[in-house]
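S.K.: Sequence and predicted structure below; questions after.
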Amino acid sequence: MARDERALLLSRLALIVKKISRRDDLEVMTDESRVPPGQEETWFTMTETDPADRDRVLRTWVHIPSRILEASEDVAKGKAAHEAGHVAITRHGSFIPDEVLHEPGFHALASSVEERPTDRVVAERYPGAGAWLEAARRDSVRQALEAVGEARRPGEIPEFFKLCDLIVYRPYLGSLDGVALAVRDAYDEIEAPLLRLERTLPAEDAPESEIRQAAIERYRILYEEIWPKARRLFSEDLRRECERRVLRASPASGGRGARAVPSARPSLEALPEGQRQRLEEAALAALAEIESAVVAERDGGLDSLRPESRGEFESRREREREESRLREELGEIATRQAVLAAPGPYEEAYRSVRHLDEELTRELEEIFRPTSAERSRRTATGARLVLSAVFRRDAARRAGASRTDDRIFSTRNLPGKRDFSITLLVDLSGSMSVEGRIEETFKAVVLFTEVLSRLGIPHEILGFQDDLIVFKEWDDELGAAVRGRLSGMLAEVRNSNPGGHNQAAFNDDGPCLLAASEHLKGQASSRKLLLVLSDGIPAGRRSGEAELREAVRSILSTTDQILVGLGLGPGTDHVADFYPIALPGIRAEELPERLAALLVDVLGSPER
């Protein structure tokens, strides 16, 4: 075709595209510099959306090859009209979930199915263009099988992809002689919903909202009524591909690469699980290559449903997971800043011990992490993804490695952190309300739980009056709810905690100590620490000094728990009479710092 004739044809095609799409502002281009290598001779429609809002279209354009290699002008006009039809009605890229679009086989099926309503909307709205479409489709029938891979002979083309071709070209075919029976049966099963989908079109003058709604309904029919039936054919193809690879590698076939004529289907179930999994992955990769060719042929090399390859999709998902982890970490920081910015009882207490928090955390980290080499380890599960490990694993899989390292997560390694479980039992009797005792005790509790939570050391916080009062259980995350419950300690000693226990007239040390010990006994840790903080002689509803002595004796003789008593305020020397390890006479204002030193001492030297 002469240069002038080609330029004139390009001009006519651009006019056809704009008229049929009803988009005078539509960009029709032949600029090969903006086309991926190898796609210069491909027809396609491309929609660029806002990365932050996929519903917001930034620009749409249609690429027309600068060298038109079609059999006739009508064929070229038919392809131009078809691309204009996509502009008019195709909207799947804005709402089909990535996970669905990247299900093996789904993209090829979706691309093929969408050809039918696209052709119909052009034929119905513009009768003259219908003849061009038919010319283009009939010209493509003879080339249809080539799109699924030149390396395979027609007999080796998987039946699922034959079905995709049949979906597109059935309106232009007469007899189905030569089409595999399984493919014909599958088409018969989906024909009724396919015809409904083909006719699910918006009105010619419909607003964008109705165009999108029609596209959503077509997707619903596809996903709920067509895909489940077509997927069975894909599954059979996958099995046949696995069997083909087993036979090709078997000694009876002459070794790897030889062609075998099997006498019976190989049993995949008899293979070792690891070998079967690797075989399925290789077979799936082979079918994915064919699917990419089908999508390129249907969508014109650039995916108009979603301009993203499978590899790009996987890379993006890894980036999103990493970004999600970073957002979580930033969220934790923001939460802690909010704690400081909006002071309540808990927040005020934390502000006053924050300097001890940072120092105590460092000291305990040194105890649990003696060397920097032990600070992290790789695991197969976890919360922190290591992208470099992911890339190495995927590269090994693509290279056909028989074994891959699936330890792609990083876990903080605190040597021995799970060796300890700690229970803090706090006296909440009425005497704790005087001389600032409960306020300083509460600061110590806040310091205790903030540091241990950050280090991942299992701990429980209990109060007691005539019975146990649970403020933080072992598995509780230290969030707003737990911090709120802990703040209730301040009111319990005055019988004013809304919804609380409020029996501050009593302190049944003995029974409550035994109950707390039972809580601790249920932990799997090899070292268990029970800290008791009290300011007076037991004076309970149901117990006294004798019961406390018996409780201590029972715990020491029947468990391996480390039992420590802390006496708050003057006149608490009696603590040393009850507990094997005791710190009596602690001034209220010293308690947070003394508790921090005790934790470092006991956790750092558990044998003492």
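M.R.: Looks like it arrived, so ask away.

S.K.: Every contact and neighbour count from this point should use C-alpha atoms.
M.R.: Fine.

S.K.: what distance separates stretch 124-132 from the centre of its chain?
M.R.: Centre-to-centre, stretch 124-132 and its host chain are 46 Å apart (Cα atoms, centre = their mean, to the nearest Å).

S.K.: Just the CA trace of it, in PDB.
M.R.: Provided in PDB are the C-alpha atoms of stretch 124-132 (Å, rounded to 0.1, in the frame of the first residue of the first chain):
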ATOM      1  CA  GLU A 124     -26.600  -3.400  16.400                       C
ATOM      2  CA  ARG A 125     -25.800   0.300  16.600                       C
ATOM      3  CA  TYR A 126     -24.000   0.700  13.300                       C
ATOM      4  CA  PRO A 127     -25.300  -1.800  10.700                       C
ATOM      5  CA  GLY A 128     -22.700  -0.900   8.100                       C
ATOM      6  CA  ALA A 129     -19.900  -1.700  10.600                       C
ATOM      7  CA  GLY A 130     -21.400  -5.200  11.100                       C
ATOM      8  CA  ALA A 131     -20.200  -6.200   7.600                       C
ATOM      9  CA  TRP A 132     -16.700  -5.000   8.500                       C
END
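
S.K.: buried ones in it?
M.R.: 129-132 (16 or more other Cα atoms under 10 Å).

S.K.: Quick one, which of those has the minimum pLDDT?
M.R.: Going through the buried residues of stretch 124-132 one by one, the lowest pLDDT turns up at Gly130, 77.

S.K.: what sits against the closest residue to that residue other than its chain neighbours?
M.R.: Spatially, and ignoring its direct neighbours in sequence, Gly130 is nearest to Ala123 (4.2 Å; Cα to Cα, 6 or more residues apart in numbering). Ala123 makes contacts with 129-131, 133, as judged by Cα atoms under 8 Å, 6 or more residues apart in numbering.

S.K.: Now, the residues you listed that are in helices?
M.R.: Of those, the ones assigned to helices by DSSP state H are 129-131, 133.

S.K.: still on that earlier bit, show me which of the contacts of Ala123 is closest to Val564.
M.R.: Leu133 (87.1 Å; Cα to Cα).

S.K.: how many other residues sit next to the closest residue to that closest one other than its chain neighbours?
M.R.: With Cα to Cα, 6+ apart as the criterion, Leu133 has its nearest non-adjacent residue at 4.1 Å, and that residue is Gly78. Per other Cα atoms under 10 Å, the neighbour tally for Gly78 reads 25.

S.K.: Gly78 touches Ala135, doesn't it?
M.R.: Yes. Using Cα atoms under 8 Å, Gly78 is in contact with Ala135, at 6.8 Å.

S.K.: does Gln503 really touch Phe464, like I thought?
M.R.: No. Contact between Gln503 and Phe464 fails when scored by Cα under 8 Å: they sit 9.1 Å apart.

S.K.: mind showing which ranges of the stretch 101-250 of the chain have poor pLDDT?
M.R.: Residues of the stretch 101-250 of the chain meeting the criterion pLDDT under 70: 141-156, 249-250.

S.K.: Which stretches in it count as helices?
M.R.: For the stretch 101-250 of the chain, the helices defined by DSSP state H, counting those that start in this stretch cover 106-125, 127-141, 159-169, 181-198, 208-221, 227-249.

S.K.: The longest one - contacts with which helices or strands?
M.R.: If you count contacts as 3 or more Cα pairs under 8 Å, 6 or more residues apart in numbering; DSSP states H and E, helix 227-249 packs onto helix 159-169, helix 181-198, helix 273-299.

S.K.: Turn the ones you listed into a markdown table, including distance to Ile216.
M.R.: Formatted as a markdown table, the helices and strands packed on helix 227-249 follow (distance: least, Cα to Cα, whole Å):
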| stretch | distance to Ile216 |
| --- | --- |
| helix 159-169 | 20 |
| helix 181-198 | 11 |
| helix 273-299 | 19 |
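
S.K.: what would those helices look like in CSV with mean neighbour count and distance to Thr572?
M.R.: Listed next are the helices and strands packed on helix 227-249 as CSV, based on neighbours: other Cα atoms under 10 Å; distance: least, Cα to Cα, whole Å:
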stretch, mean neighbour count, distance to Thr572
helix 159-169, 22, 82
helix 181-198, 16, 83
helix 273-299, 19, 66
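
S.K.: Do I have it right that Ala84 meets Ile20?
M.R.: Yes. Contact criterion Cα under 8 Å: Ala84 and Ile20 qualify, at 5.8 Å.

S.K.: Give me the below-cutoff pLDDT ranges for the stretch 301-450 of the chain.
M.R.: Within the stretch 301-450 of the chain, the segments meeting pLDDT under 70 span 301-317, 319-320, 323, 325-343, 368-418.
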